[in-house]
Structures are given as structure tokens and as C-alpha cells.
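Undergrad: Sequence and computational prediction follow.
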Amino acid sequence: MFKIKYTSANVIWPALFAMAGLVGCSQDEDLMAGSEKDQTSVSAITSATAPTNLSFRANHYIVLSTQEKLPAGLENKLATANGKVTSLLSGAGVALVYSEDPAFITKASKISGVRSVVRDFNAQWINPKDQKLVAVEAYGTPPASGDNDRFFDMQWGHAAIKASEAWNKGYRGKGALVAVLDSGFDTDHPDLAANIESKLSKSFVTGEEVAYKLNDPFSHGTHTAGTIAAADNGIGTIGVAPEARLMLVKVLTDEGSGAFSWIMQGILYASANGADVISMSIGAAVPRNGRFLDDNNTPDDPSDDFIVNDTKAVQELLVALSRITNYATQQGSLLIASAGNEANNGMTDQSLVHLPSAAGNVVSISATTPIGWALNPTTTFMDNLASYSNYGITDVHFAAPGGDALYEGNETATVSGLTRPAYVFDLVFSTGSLDSYYWSAGTSMAAPHAAGVAALIVGKNGGQISPSGLLAKLRASADDLGKPGQDPYYGYGRVNADRAVSN
């Protein structure tokens, strides 16, 4: 049985631990006061190497045309081949089809103008069940900002990218529309509700609405959306671009699984509805050798008899996804994605392709972290490459704060009235479901920091800037860390909000 690694918010590299500090809006005072309700403990987090399944999606197919425009009459021709079109992604030359005919691929592949027909895939992109949670107008920078949003001082990522300095110059993302493609969202969260464009938000997950429905605080989508655009409202946290608007696009189930076709539809929907930036803290490490589970066969004891070897499927899947991302870029959206949490050096190990970060015109973000920031916030270096982050010249375009638990000391620290083990504050603090907040780490946390900086640039330019122009400004303003120029760890550099709005 083939196993994949996945990109997940709370996932930390092996032998590390994460503290998820859960703070509900109605009980913060008791928790921060260290009362008996504060049941702080440390829980092990499943590592990024923990496997999950990548499988073909039964009876669902992706059809690619020979050109980047679907041929005339294709829907009728696919019907003749016993296929029912579920979505025509016309501008990208991709059609999504349902068929119960086992010979559908053979039949559809013979249609004039069809380049290839491959199976759709299901993947476990994030795994909330493995996460362990624990209850718990001039701007300064954390951890001594003086801001009235009570948890802002724990947001070291904003200090690392100089978000406060950008705000002080008058740029807060107003006029920018950011689409967040993820699992479910807490649409009523007090830090998010004011910035959510409800009429534009949409779910592509069969049988699930946009709102996160699991009765737990871990909502990956809520966490990433909060990093981008939590409102500056005196309540909890502040997003990098606190006046940007959020288009919430659900492409994964609340359990974190989803089909590639859902993501493709979500990307095109976001671009068609005016998203300036599309943020994707999702990822699947797909085997280039094309060994997959066939979900048409589910024996009690799976064996190699139920492994499908299909290298072409991987190649064509990358082509299909790249057509989608290229088309979205042409429509005016800059796509940003997490680089992945496999600690993979893409220059030496090319056995996996990480999607969607490897697709065409997608800006891939690696993760940085401080080590012991809360103990020495003014002097601690905050740009160490996180231990789990993927890297490589072709795999990373920029770096941004993602957090890690590398600090080995036993000291405690107090920030925003919360006392925790020092390493906890090296994780990324943001919004969660049930009106809560928690710490998390991963390239999933890095991508929304970069998306927030992109939103600040869009806002500065009155919402009128092309994806190429936006990318050029990100590149010109990034802090060039590591070797001069593009390097495997930071790409063109770690994003810098202050410089981004100063150029």
C-alpha cells in the first residue's frame, strides 16, 4: 500500500511537540489568569512522515483536450462514451466527468481533440484528527506593541515580516480580495466575520457547506484565514492585511481530505470572481512513479494486487493542474501555496512532486522560525528554516513565518498574559473554530503570511496590479537571506511587508 506525506497545520517534524493554546472568547480571562480552568499540558503531534492514502477516486475522471480550450461538442461526445460531464473548465482545456463504464478511459481517449483521460484522485491533504489541542493608532511590534488586540503580541510572524511598519505607512490591505482555498471555516469568528465576503464564499465539497461543522477548535481554514486578514478590532489577533476582504472557498472536507478536481474548480471559481490573491495552504506529495491505491478495490487486507501503477496519471495530473493555475493567473490572480512539510530537498530527491505548489505559476513558500523567541524577542534570529520545510531551487520562491518547536530548553515565558513553555511561542498563533485561537506550525502557516503581504501590495495599488507586477514587487522587496540571489531555502527571500509597500 502506497503511503503519502501531507501538509498539515499542526504537523511538526519527528520527535517534536506542539502546544495548541486554545482560547475561547468567553473564557480568556480565566485562562490567562492561570486559574484551575487552565489545564495546560504538552501533547505529542503526529509527525509529517505519518502516512495516509492517496487513491484514485472511483468513477471520476479528468479529461484534457489537446489545446487549452475544449473542442466543440465535447460534452455530447463524452456522453456517447458513457460519461456525464460534471464541470467544464473551458478556459483551461479540462473537463471533469463521471462514468461507471470501466472502459470509459479507452473510449474517451479516442475522441478527436482529447489529449488524455486520467482518473481523479482523493488525498488526505491535512489530518485534523491527529492534532492534539490543549485548553488554555500607531502600531508597535510584538511582543510589546501596546495594541489592544489581546493576543497580537504573540504574533511574532508579524514582527519578522515588519507588518506593523507597513500599517504605520497607511497600508492595511484595503481594496484587496484574497481567496482562501482550504477546509471549513468558522464564518462567525469575531476576528473574521467583518472581512468575509459571504456572497462570494463557496464550497466545492460534496455534502458540506463552507462553515466548519466539527465540534472541535481545530479548523485549518480558520487558522490560515486569520493570519491573512483577521480584523483589527480590539478582540484577539490581527491579520497581516487586516482590511483585506476574504473569499472563503472550501475545497477539502472538514476532515481534511479532498479531490484534485475540487481544488481545480475552486481555483477557477476564485479567479473568475475577482480574487487578487489565491492562498492555498494545502498539499499532497504525489509519487512520480505513479503507484496508487485503487479505491474500486477495498479488501480487508490490501496487497500489491490493489496497487495501480500509472506514471502517466501523475504527468497528466500535473499538466491539468498547471493548465488551471496558468489560466487563473491569466485571469488576474496570483496563486500562493505552501511548499510542503516533508523536509524534502527537491534538488536531490525527485521521487515526489508536491502539488499544488509545483504547478505552473504557483508561488511556493517555505517556512521560517525563531528558536526561543519569547525569551529574547529583540535579539532572537527569526529566519531559521523550519525543520520540516521542503526546500530546493525549483521548489521554493519565497519564505515566510511558519514556526517550529526547535527550542530545547525547559524555561517558561509569559506573553499576552499567558505563561507557557518557551518553545510554544515559536509556533504561529491564529484563529480557530468555536471562536477560539491556537498555536500551530507548518508551511501551511507560512503561505498565508506571504498572501497577506501580497494583499498589502494590492491595496497600495488600489486593487489594480497584475499577477506579474505583484510577483515582481514581492521579489524586489523580499529580504535576501541565505546565499545572494535565489537559494534553496528562502527562494528570492523572506517576504517583507514594510519594504513591499515602500517600493
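TA: Looks like it arrived, so ask away. What you see is a predicted model; the values in this text were computed from it and never measured. Numbering: from 1, shown residues only.
Undergrad: drop to CA atoms for contacts and neighbour counts, all remaining ones
TA: OK.
Undergrad: longest strand in the protein, by residue count?
TA: Scanning the chain for the longest strand, with DSSP state E as the assignment, gives strand 52-65.
Undergrad: Tell me the buried residues in that one?
TA: By 16 or more other CA atoms under 10 Å, the buried positions in strand 52-65 come out as 52-65.
Undergrad: how far out from the middle of the chain is the helix or strand following that strand?
TA: Per DSSP states H and E, strand 52-65 leads on to helix 74-80 as the next helix or strand towards the C-terminus. Here the centre of helix 74-80 is set off from its chain's centre by 35 Å, with CA atoms, centre = their mean, to the nearest Å.
Undergrad: Tell me which residues are up against helix 74-80.
TA: Applying CA atoms under 8 Å, 6 or more residues apart in numbering, the external contacts of helix 74-80 come out as Lys84, Val85, Ala108, Ile111.
Undergrad: Let's see that with 10 Å instead.
TA: 63, 65, 81-88, 95, 97-99, 104, 107-109, 111-114 (CA atoms under 10 Å, 6 or more residues apart in numbering).
Undergrad: hmm, which of these are the buried ones?
TA: Neighbour counting with 16+ other CA under 10 Å marks 63, 65, 81-85, 88, 95, 97-99, 104, 107-109, 111, 113-114 as buried within the contacts of helix 74-80.
Undergrad: among these, which are in strands?
TA: Going by DSSP E, the strands hold Val63, Ser65, Lys84, Val85, Leu88, Ala95, Val97, Tyr98, Val114 from those.
Undergrad: Strands of the stretch 101-250 of the chain, residue ranges please.
TA: 114-124, 134-135, 177-182, 202-203, 245-250 (DSSP state E, counting those that start in this stretch).
Undergrad: Pairing partners for the third one, with directions?
TA: When you say that, I think you mean strand 177-182. As defined by DSSP bridges, the strand partners of strand 177-182 come to strand 245-250 (parallel), strand 277-280 (parallel).
Undergrad: I'd like those strands as CSV, with mean neighbour count and mean pLDDT appended.
TA: Shown next, in CSV, are the strands paired with strand 177-182 (neighbours: other CA atoms under 10 Å; pLDDT from 0 to 100):
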stretch, mean neighbour count, mean pLDDT
strand 245-250, 28, 98
strand 277-280, 28, 98
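Undergrad: Would you mind saying which of the ones you listed lies nearest Ala211?
TA: Closest to Ala211 of the strands paired with strand 177-182, according to CA to CA: strand 245-250, at 8.5 Å.
Undergrad: my guess is Ser257 meets Asn127, correct?
TA: Yes: using CA atoms under 10 Å, Ser257 is in contact with Asn127, at 7.7 Å.
Undergrad: just the helices in the stretch 251-400 of the chain please.
TA: In the stretch 251-400 of the chain, the helices defined using DSSP state H, counting those that start in this stretch lie at 260-272, 311-330.
Undergrad: ranking those by mean pLDDT, which is last?
TA: Among the helices of the stretch 251-400 of the chain, helix 311-330 has the lowest mean pLDDT, at a mean of 92.
Undergrad: Provide the angle between the direction of that helix and the direction of strand 114-124.
TA: Using axes from the mean of the first three to the mean of the last three CA atoms, to 10 degrees, the inter-axis angle of helix 311-330 relative to strand 114-124 is 90 degrees.
Undergrad: so how far is helix 311-330 from its chain's centroid?
TA: Centroid displacement of helix 311-330 relative to its chain, using CA atoms, centre = their mean, is 18 Å.
Undergrad: Only C-alpha atoms, please: export the longest strand of the chain in CSV.
TA: This file holds the C-alpha atoms of strand 52-65, laid out as CSV (Å, rounded to 0.1, in the frame of the first residue of the first chain):
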residue,chain,number,x,y,z
THR,A,52,-2.1,8.4,4.7
ASN,A,53,-3.6,7.2,1.5
LEU,A,54,-3.7,8.7,-2.0
SER,A,55,-6.1,6.8,-4.1
PHE,A,56,-8.0,7.0,-7.4
ARG,A,57,-11.5,8.4,-7.0
ALA,A,58,-14.0,5.8,-8.2
ASN,A,59,-15.8,6.7,-11.4
HIS,A,60,-14.5,10.3,-11.6
TYR,A,61,-12.2,11.4,-14.4
ILE,A,62,-10.2,14.3,-15.7
VAL,A,63,-10.2,14.9,-19.4
LEU,A,64,-7.6,17.1,-21.0
SER,A,65,-8.0,18.5,-24.5
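Undergrad: Strand partners (parallel or antiparallel) of that strand?
TA: The strands beside strand 52-65 in its sheet (DSSP bridges) come out as strand 3-4 (antiparallel), strand 94-98 (antiparallel), strand 114-124 (antiparallel), strand 291-294 (parallel).
Undergrad: So, low pLDDT: which residues of this structure?
TA: 1-53, 128-139, 289-310 (pLDDT under 70).
Undergrad: let's go with 80 and repeat that
TA: Low-confidence regions of the chain, defined by pLDDT under 80, span residues 1-54, 127-140, 288-313, 349-351, 503.
Undergrad: how about the helices of the stretch 251-400 of the chain, which one is nearest Arg475?
TA: helix 311-330 (17.0 Å).
Undergrad: Show me what counts as buried in that closest one.
TA: Under 16+ other CA under 10 Å, the buried positions of helix 311-330 are 313-314, 316-329.
Undergrad: Ok, stretch 148-160 next?
TA: Asp149, Arg150, Phe151, Phe152, Asp153, Met154, Gln155, Trp156, Gly157, His158, Ala159, Ala160.
Undergrad: Also stretch 494-501?
TA: Neighbour-count burial for stretch 494-501 [16+ other CA under 10 Å]: Arg494, Val495, Asn496, Ala497, Asp498, Arg499, Ala500, Val501.
Undergrad: got it, and stretch 159-168?
TA: By 16+ other CA under 10 Å, the buried positions in stretch 159-168 come out as Ala159, Ala160, Ile161, Lys162, Ala163, Ser164, Glu165, Ala166, Trp167.
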